[in-house]
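Novice: Structure, please.
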Amino acid sequence: MPAYPGAEPTPFALEMRGIGKRFGPVKALQDVSLCVPQGTVHALVGENGAGKSTLMKILSGVYPPDTGTIVRNGQTCTWKHPSDSLAAGIATIYQELSLAPDLTVAENVWLGIEPRGALPGTCSRNRMIADTRALAQRHGFDIDPNLKVESLPTSTCQIVEVLKALARNAEILVMDEPTSSCGRHEVAALLEMVKTLSRSGNTVIYISHRLEEIVEIAENLTVLRDGRAVYTGPMKDLIIPDIVKYMVGRDLDDYFPKIDVAIGSTALSVENLSSRVVESVSFDLHWGEIVGVAGLVGAGRTELARVLCGLELSTRGSVGMDGKRVTIATPADALALGIMYITEDRKRTGLCLELPAAWNMTLPCLAQLGMKHFLHLGREHAIAEETAKRLSLKWSGPDAPTAALSGGNQQKLLLGRALIARSRLWVLDEPTRGIDIAAKVDIYELIGRTASEGKAVLIISSDLPELFGITDRILVMRRGRLVADLVTSETNQEAVMQLAAVDSNRLP
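Specialist: Got it, this is the predicted structure:
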């Protein structure tokens, strides 16, 4: 019997049938089946909270299923520990990589299973290097085993993680959001790596919110919604709107809900601003305007935002608001001026994951809420609940554990700060990174409403369709400098990428 309608008969590398999992009263998974043909790329998609992580943790041996079976190479498997799953040839490569930056590529690949040396208790460094090189060449990868991991770009670090798995005889690789922190060129390299793995006979389960990647590399697709598998089939007949409809249960006709807003006077004026990375950047941002910042990884986009928000000091230049020169030496200065910065890394530098959700929304705004010296929990909860409604936040209430919320809802907590503080100027760094389609649309709508209220938004994003979908202008940065200030409707993605990647003196 064919694996899917229209597919050729292919033996399954993995079968998960009728998987169910409950956490207290919450049904995380209900009768989910995932059957993956050998040597294919199988995409797994769904909104945050749809059950993808739970299903993969069951596959990885982190959780036992309450119901259902796992079949590997025709044999029913029961795993008590993650090591049991790895012994069965299944390796999971998580979004947060687990490499030792001070060690070399070869040392990371063989860490814990080092080849023995000539003397007892020693390992053979030469054999480690030779085996790493041979393993990489066998699977079509070009990488120097002697390089330290800390010197490598993200895409190459992903290759090191793959080599680690292959060194442990993994035949099935689960890749969880592998491109979430990558620039355009790194994404292309990673997608080629996945294709290489498939061509060499490995099976890849690929999890990503970037649906254009799914369409490019996946042969088959499973969509989860509310803990159930709502679609399983071949990719060849699907387009992105079809996938979105399965994920959210409805059409998202206006994926980028851009609102036409009358542009007002100058909100922010930046002149010759410089820092340790940024060089002589000048631009204006107007009230009611949404301006994007594009550029490759390392172009200085985040550093520009951090200078504007008092997180890094400028070495030269000036900043003005409403026509008056201002000094922004600390984040408190920025907050006092009505500027709210939303970091690109919500878990490491944005949220206090161990604190309740409401606290994460109100923490920077306590003085503005009249709670500089004493907390008023009832008032704080009321403000948080009102803000949660405006954000369509899915939580169990103000005391909900922040760490337990999905990525999209965690991102909404950060945006809630700007609403509570009534910030006039929002500086958003990768505000939709690693979140699902529906949450992205919610955030786009929020950004549009913010601009329609006469506020100004500066948004940094590596997602060019996103910038073209919601902005009025796009600033292009390269090597710390601003190389172009473009009207969004008068340019295209190819032009922006060329400006971001190529020295202007060499442009035709």
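
Novice: Now do the helix or strand Thr302 falls within: distance to the chain's middle.
Specialist: Using DSSP states H and E, Thr302 sits in helix 301-308. Computed by C-alpha atoms, centre = their mean, to the nearest Å, the chain-centroid distance of helix 301-308 equals 20 Å.

Novice: Just the strands from the stretch 1-150 of the chain, written as ranges.
Specialist: Assigned by DSSP state E, counting those that start in this stretch, the strands in the stretch 1-150 of the chain fall at 12-23, 26-37, 41-46, 67-72, 75-77, 90-93.

Novice: nope, the stretch 151-300 of the chain is what I was after
Specialist: 172-176, 203-207, 220-225, 228-234, 266-274, 281-286, 290-294.

Novice: Going by neighbour count, list what's buried in the host helix or strand of Gln498.
Specialist: Under the criterion of DSSP H and E, Gln498 resides in helix 493-501. Buried residues in helix 493-501, counted by 16 or more other C-beta atoms under 10 Å: Val496, Met497, Leu499, Ala500. Backbone N, C-alpha and C define where each C-beta goes, glycine included.

Novice: Can you give me the neighbour number for Val194?
Specialist: The tally of other residues near Val194 (other C-beta atoms under 10 Å) stands at 23.

Novice: Surely it and Val204 touch.
Specialist: Yes - checked against C-beta atoms under 8 Å, the pair Val194 and Val204 is within contact range at 5.6 Å.

Novice: between these two, what contacts are shared?
Specialist: The contact sets of Val194 and Val204 overlap at Val41, Met175 (C-beta atoms under 8 Å, 6 or more residues apart in numbering).

Novice: This protein - how does it break down into domains?
Specialist: Domain segmentation of the chain under automatic domain parsing yields 12-248, 266-338+424-506.

Novice: circling back: residues contacting the helix holding Gln498, please?
Specialist: With C-beta under 8 Å, 6+ apart as the contact definition, helix 493-501 has outside contacts at 184-185, 294-296, 299, 464-465, 467-468, 474, 476-478, 483-484, 486, 507.

Novice: Selection in ChimeraX covering whichever of those are buried, please.
Specialist: Only the buried entries of those go into this ChimeraX selection, using 16+ other C-beta under 10 Å:
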select :184,294,295,296,299,464,467,468,474,476,477,478,483,484,486
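
Novice: from the contacts of helix 493-501, which ones fall inside helices?
Specialist: Arg184, His185, Leu464, Pro465, Leu467, Phe468 (DSSP state H).

Novice: Contacts only, for the second one.
Specialist: To tie it back to what came earlier, the one meant is His185. Residues counted as contacts of His185 (C-beta under 8 Å, 6+ apart) are Ser155, Leu296, Ala501.

Novice: Then the fourth one?
Specialist: Neighbouring residues of Pro465 by C-beta under 8 Å, 6+ apart: Glu212, Phe256, Gln493.

Novice: cool, Met321 as well?
Specialist: Ala267, Leu268, Ser269, Leu337, Leu425.

Novice: ok, Leu268 to Leu308 distance?
Specialist: Distance of Leu268 to Leu308, given as C-beta to C-beta, to the nearest Å: 8 Å.

Novice: who touches both of the two?
Specialist: Val319, Leu458.

Novice: ok so, going back, between which two of the contacts of Met321 is the distance greatest?
Specialist: Comparing every pair within the contacts of Met321 by C-beta to C-beta identifies Ser269 and Leu337 as the most remote, at 12.9 Å.

Novice: rewinding a little: which strands or helices does the helix holding Thr302 pack on?
Specialist: If contacts are counted by 3 or more C-beta pairs under 8 Å, 6 or more residues apart in numbering; DSSP states H and E, helix 301-308 sits against strand 266-274, strand 290-294, strand 339-342, strand 425-429, strand 456-460.

Novice: What lies in contact with the shortest one?
Specialist: Read that as strand 339-342. 305-306, 308-309, 311, 328, 331, 334, 350, 364, 414-415, 417-418, 421, 423-429, 431.

Novice: Within the sheet, what are the partner strands of it, with directions?
Specialist: strand 425-429 (parallel) (DSSP bridges).

Novice: next helix or strand past the partner strand?
Specialist: Using DSSP H and E, the next helix or strand after strand 425-429 towards the C-terminus is helix 437-452.

Novice: List of residues touching that next one?
Specialist: Contact with helix 437-452 is made by 47-48, 209, 211, 244, 247-248, 252, 255-259, 261, 288-290, 391-392, 406-409, 411-412, 415, 418, 426, 428, 431-432, 435, 457, 459, 466, 469-470, as judged by C-beta under 8 Å, 6+ apart.

Novice: How far does that helix sit from its chain's centre?
Specialist: 17 Å.

Novice: Next: stretch 351-362.
Specialist: Stretch 351-362 has its average C-alpha position 20 Å from the chain's average C-alpha position, going by C-alpha atoms, centre = their mean.

Novice: How far does that stretch stretch from one end to the other?
Specialist: Counting by C-alpha to C-alpha, to the nearest Å, you get 11 Å between the two ends of stretch 351-362.
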